[in-house]
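In: I need the structure of the sequence given here:
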Amino acid sequence: MIQQWNGTAQELEQLRHAVELNCACARPPQAPGPTCPAHTLLTSQTTLDHLLFVYRSRSHFLAREFQPN
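Out: Below you'll find the model as predicted:
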């Protein structure tokens with residue numbers, strides 16, 4: 001189901017955990033049947049790449065936002 005994950009194994013585990021927390025499927029998704037929105041995110045390479053970018057850059061933005069000059 002997942003296109004291609006360009007992150008680390010640890011980042012993939014965090015993604016898997018996030019999808020599990022937000023999954024609305026009554027059963028494990030099976031192609032080509034309909035899936036919940038959490039699993040649908042895994043089918044778009046652009047979305048996966050964007051999630052990885054945001055995950056990796058969020059600490060930088062948080063540090064700049066909350067640390068005094």
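
In: in which helix or strand would I find the residue nearest the centre of the chain?
Out: Against the mean C-alpha coordinate of the chain, by C-alpha atoms, centre = their mean, the closest residue is Leu15 at 4.4 Å. Using DSSP states H and E, Leu15 sits within helix 9-22.

In: Name the residues of that helix that are buried.
Out: Judged by neighbour count using 16 or more other C-beta atoms under 10 Å, the buried positions of helix 9-22 are Leu15, Val19. Glycine gets a C-beta too; all of them are placed from N, C-alpha and C.

In: Skipping adjacent residues, who's closest to Leu52 in space?
Out: In space, and not counting its chain neighbours, Leu52 is closest to Gly7: 4.8 Å by C-beta to C-beta, 6 or more residues apart in numbering.

In: Hmm, the one you found is touching His50, no?
Out: No: the criterion here is C-beta atoms under 8 Å, and Gly7 misses it with His50 at 11.9 Å.

In: Between those two, tell me which one has more neighbours.
Out: Each of Gly7 and His50 has its neighbours counted (other C-beta atoms under 10 Å); Gly7 has more, 17 against 12.
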